[in-house]
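Asks: take this sequence and fold it.
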Amino acid sequence: MPGMSMKIRNEMWLTKSVSYLNTFARPIMTIVLSIGISILAMMMFLMATDVVLRYIFNSPLPGAYELIEYMMAILVPFGIVYCAHQKSHVSVDLVIGRFTKRTQAILGSITSLLSLSLFLLVAWQSLRYITENFESNLTSAVLLIPMYPFIAVVAVGFSVLCLVLLIDFLNFLSETVTE
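Replies: Numbers count the residues shown, from 1 in each chain. Predicted coordinates:
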């Protein structure tokens, strides 16, 4: 491809990279969605059962509060990942919408890169926190469930979010190069 301009080669490279990452991310998003939906359903049934047992039979489920806390630790990062993948987060386009498509793409790539940097830091610190909790044998108060597996799930969730943000960054970069 010696006759191709540098701009066209960059566009092709970015397009292929985004396509490959989307192909890689699609099954991961399906798994994240499935786990999130399952956890949400289990949490709903656990809460309903606990409320019914508490108010009708005056006998709540021991440890239900802890289980719901742990389920939320899984649900929140997976929900953030799914929202980021679907572009469902709330955004205000009052000012940005007035810019040209190229300027919007540049601002989008800067925002995606900053978000990616922040969540890489969060994922990395979560990974470090796993070993700290594993070594300290920290458990829940009633059911004595160890905390480190749930911190690992949070770390995985934020790592997948980094993948989504990387795809967004490359998409915006591709739009910047194309315009």
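Asks: what about residue 39, neighbour count?
Replies: By the other CB atoms under 10 Å criterion, the neighbourhood of residue 39 contains 19 residues. C-beta here means a position set from N, CA and C on the backbone, and glycine is covered the same way.
Asks: relative to residue 56, how far out is residue 63?
Replies: Taking CB to CB, to the nearest Å as the measure, residue 63 falls 19 Å from residue 56.
Asks: same deal with residue 79?
Replies: When CB to CB is the yardstick, residue 79 and residue 56 sit 31 Å from each other.
Asks: between the two, which has more neighbouring residues?
Replies: Neighbours around residue 79 and residue 56, counted as other CB under 10 Å, are more numerous at residue 79. The numbers are 18 against 8.
Asks: could you list every residue that touches the spatially closest residue to the more buried one that is not a sequence neighbour?
Replies: Here the nearest residue to residue 79 in space, its sequence neighbours aside, is residue 36; by CB to CB, 6 or more residues apart in numbering that works out to 5.9 Å. Contacts of residue 36 were listed using CB atoms under 8 Å, 6 or more residues apart in numbering, and they are 74, 75, 78, 79, 82.
Asks: okay, and which of those map to helices?
Replies: Secondary structure defined by DSSP state H assigns 74, 75, 78, 79, 82 of the contacts of residue 36 to helices.
Asks: so what's the residue count around the last one?
Replies: Applying other CB under 10 Å, we find 19 other residues in the vicinity of residue 82.
Asks: so residue 158 is in contact with residue 76, correct?
Replies: No - in this structure, residue 158 sits apart from residue 76 without contact. The criterion is CB atoms under 8 Å, and the distance is 10.3 Å.
Asks: neighbour-wise, which of the two wins?
Replies: Residue environment comparison for residue 158 versus residue 76 gives the larger neighbour count to residue 158, 22 against 13, counting by other CB under 10 Å.
Asks: distance check, the more buried one against residue 178.
Replies: Distance, residue 158 to residue 178, using CB to CB: 30 Å.
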